[in-house]
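# 3D, please:
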Amino acid sequence: MSINNLTPEELEAYAEAHGEKKFRGKQLFTFFNKSGRVDLEHSNLPKNFINQIPRVDDAKIFRTYVSKLDDTKKFLFELNDGNLIEGVLMHYKHGYSQCISTQVGCRMGCVFCASTKKGLVRNLTSAEMLRQVYTVEAAYHIKVSNVILMGSGEPMDNYDNVLKFLKLLHHPQGHHTSYRNMTLSTCGVVDGIDKLAREGLPITLAISLHSPYNDLRSDIMPINRKYNLEELIAAAKRYSEATSSRITFEYTLIAGENDTRDHAVALYSLLKGLRAHINLIPLNAIEEYDKGRSTAEAIQSFKKELERLGAEVTIRRELGSDISASCGQLRRNFEGGIL
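Residues are numbered from 1 along each chain as shown. Below you'll find the predicted structure:
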């Protein structure tokens with residue numbers, strides 16, 4: 001058991017079980033989640049209590065890569081077991097947004113994603129997700145206001161740990177991040193979407209779509225063979241209604257594959273009637289996928305067609321594009337000796 005995965009109530013029970021007053025549990029929670037620290041030897045807790053505490057999960061900054069184009073920073077974090085994960089810190093006018101990982105690797109098999117090429121190594125604990133945020137905040141003396149679960153891994157494939165992370169990050173005795181400032185990105189795990197909808201938390205849901213046709217989507221995203229587009233869109237509607245929120249649909253544009261006018265019309269038809277925002281993403285190529293990104297002209301034409309039809313659509317601003325760009329590339333390039 002890792003002690004910094006626990007809620008205040010769980011920590012209070014832990015303190016009492018180890019001969020301490022309940023308030024020591026709250027002290028621990030505040031130390032981990034408000035102060036963002038794990039160096040218990042420098043806390044004001046009794047030494048005999050500290051000596052009884054088992055594992056503390058951590059995610060230390062192993063490497064930092066700073067974009068020469070903007071203020072974006074990309075990180076490799078090292079976990080206690082030596083595994084590496086990655087994340088991104090982005091600075092906007094409204095504050096700092098951080099993209100974090102939820103797994104070491106991924107088993108979803110999306111063809112153009114670097115994270116999945118070596119499969120899933122293991123799930124992250126809730127504390128390992130929290131530590132990605134707290135470590136960056138301490139390193140740069142900042143407060144992260146928006147957290148995006150869009151790094152390596154499929155959050156719905158690590159549902160219980162992810163849900164606990166979201167609740168711990170939101171806790172008023174801790175970081176106290178608003179649920180509305182959290183975004184969870186999924187490739188389309190319908191069961192997970194429905195489970196999260198039942199929680200009633202107003203977390204922004206982002207769904208990686210990438211095609212309005214089942215046959216093409218199944219080719220590039222194996223999850224579509226389990227949950228097809230009709231099932232996925234129905235789940236998105238249920239989530240939107242349960243949380244009174246708008247769904248973001250991520251759509252990576254691939255030259256000659258999914259970027260024609262017909263694709264735009266089909267995409268609009270698929271999402272019609274749903275509170276939706278479409279986020280267009282130029283493809284970041286990897287060695288194992290031989291398709292190219294759409295031209296700037298094709299991307300603009302696709303956007304204009306969607307706007308003509310009445311869709312809400314933006315083109316994702318590419319931040320830190322001079323650093324290994326897509327999820328998993330940083331870790332893989334470092335381990336391969338490229339970085």
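# use CA for all of it now, contacts and neighbours both
OK.
# residues near Ser67, how many?
Other residues lying near Ser67 total 15 when counted by other C-alpha atoms under 10 Å.
# surely it and Leu89 touch.
No: contact criterion C-alpha atoms under 8 Å: Ser67 and Leu89 do not qualify, at 10.7 Å.
# identify the contacts common to those two.
Lys73 (C-alpha atoms under 8 Å, 6 or more residues apart in numbering).
# that's a strand at Phe249, yeah?
Yes: residue state for Phe249 (DSSP: H, G, I helix; E, B strand; the rest coil) corresponds to a strand.
# from Gly95, how far off is it?
Going from Phe249 to Gly95 by C-alpha to C-alpha, to the nearest Å gives 23 Å.
# quick one: low-confidence ranges for the protein?
286-290, 318-339 (pLDDT under 70).
# residue closest to the middle of it?
The centroid of the chain falls nearest to Leu149 when counting by C-alpha atoms, centre = their mean (1.3 Å).
# excluding chain neighbours, what is closest to that one?
Leu184 (4.8 Å; C-alpha to C-alpha, 6 or more residues apart in numbering).
# elements contacting the one helix or strand the one you found maps to?
For Leu184, the host element (DSSP states H and E) is strand 182-186. When contacts are defined as 3 or more C-alpha pairs under 8 Å, 6 or more residues apart in numbering; DSSP states H and E, strand 182-186 sits against strand 144-149, strand 204-208.
# I'd like these laid out as CSV, including distance to Asn48.
Output for the helices and strands packed on strand 182-186, formatted as CSV (distance: least, C-alpha to C-alpha, whole Å):
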stretch, distance to Asn48
strand 144-149, 34
strand 204-208, 43
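# is the residue nearest to the centre of the chain in contact with Val88, as I believe?
No: with contact defined as C-alpha under 8 Å, Leu149 and Val88 do not form a contacting pair (10.7 Å).
# any shared contact partners between these two?
Here Leu149 and Val88 share the contacting residues Cys99, Ile100, scored by C-alpha under 8 Å, 6+ apart.
# hmm, back to that, who's more crowded, Phe249 and Gly95?
A count of neighbours by other C-alpha under 10 Å puts Phe249 above the other of Phe249 and Gly95, at 22 against 12.
# contacts only, for Ile148.
Residues in contact with Ile148, defined by C-alpha under 8 Å, 6+ apart, are Ser97, Gln98, Cys99, Ile100, Met182, Thr183, Leu184, Ser185.
# hmm, back to that, not counting its own residues, what contacts the strand holding Leu184?
Residues outside strand 182-186 that contact it (C-alpha under 8 Å, 6+ apart) are 146-150, 154-156, 166, 203-208.
# pull up the pairing partners for that strand, direction included.
Partner strands and pairing direction for strand 182-186 (DSSP bridges) are strand 144-149 (parallel), strand 204-208 (parallel).
# re the thing from before, closest to His18 out of the contacts of Ile148?
Ranked by distance to His18 (C-alpha to C-alpha), the contacts of Ile148 are led by Ile100 at 33.7 Å.
# so who does that closest one touch?
Going by C-alpha under 8 Å, 6+ apart, Ile100 touches Glu86, Gly87, Val88, Met129, Gln132, Val133, Val147, Ile148, Leu149, Met150, Gly151, Ser152.
# what's the most distant pair in the residues you listed?
The farthest-apart pair in those, when distances are taken by C-alpha to C-alpha, is Val133 and Ser152, at 15.0 Å.
# neighbour count for these two, which is higher?
More crowded of Val133 and Ser152, by other C-alpha under 10 Å: Ser152, with 27 against 23.
# mind checking the SS state of that one?
Under three-state DSSP, Ser152 falls in the coil class.
# that one reaches Gly105, doesn't it?
Yes: assessed by C-alpha under 8 Å, Ser152 is found in contact with Gly105 at 6.0 Å.
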